[in-house]
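Student: Okay, here's the prediction I keep looking at, along with the sequence it came from:
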Amino acid sequence: MTSSSAPSRKALSKIACSRLQKELVEWEVNPPAGFKHKVADNLQRWIIEVVGAPGTLYESEKHQLQVDFPEHYPMEAPQVIFLHPAPLHPHIYSNGHICLDILYDSWSPAMTVSSMCISILSMLSSSTAKQLPADNDRYVKNCRNGRSPKETRWWFHDDKV
């Protein structure tokens, strides 16, 4: 299953390849709790299974993240979306786009796929309601024709969910 919002694909730089290979080895040795990397032959696109944390609204639910790495990873953030069906969450749109600052403006090259996944699970775990974002229909309509979430000008104003 692939997303219609795949970024334009340029080959990974040597730095990106080296970093991703290192992260993949680390993941195999010490995967973050609640996540499973689906085996793929493509270093540039990872599919990661997320299992909702115990004691949360998403307990035991399984969802999949698609992570597309840009040419200049880790200097540039990967594009991360939930594959269909995305979890019902106030910061996750029905098309899988995620409103989380570390995926955009607050990305740091010091972050890893593991730390990013832990942040996404933390966002899910802290939710008090299973609901779509208030502007879901308008946003999803504007994203037709393959618009990437990285093309969105996100407004990070709600840190309570």
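Tutor: That came in fine, so what should we check first?
Student: per-residue pLDDT, Cys143?
Tutor: For Cys143, the model assigns a pLDDT of 80.
Student: Quick one: low-confidence residue ranges for this structure.
Tutor: For the chain, applying pLDDT under 70 flags the ranges 1-9, 145-146, 149-161.
Student: OK, contacts around Pro133?
Tutor: Contacts for Pro133 (CB atoms under 8 Å, 6 or more residues apart in numbering) come out as 90-93, 99, 139. Every C-beta, even on glycine, is put in place using the N, C-alpha and C of the backbone.
Student: Which of the residues you listed sits closest to Leu124?
Tutor: Ile92 (8.2 Å; CB to CB).
Student: Surely the closest one is in contact with Cys99?
Tutor: Yes: Ile92 lies in contact with Cys99 (CB atoms under 8 Å); the separation is 7.5 Å.
Student: will you turn the contacts of Pro133 into TSV that also has distance to Leu83, secondary structure and neighbour count?
Tutor: Converted to TSV, those look like this (distance: CB to CB, whole Å; DSSP: H, G, I helix; E, B strand; the rest coil; neighbours: other CB atoms under 10 Å):
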residue	distance to Leu83	secondary structure	neighbour count
Pro90	19	coil	18
His91	17	coil	18
Ile92	12	strand	24
Tyr93	13	coil	22
Cys99	17	coil	22
Tyr139	18	helix	19
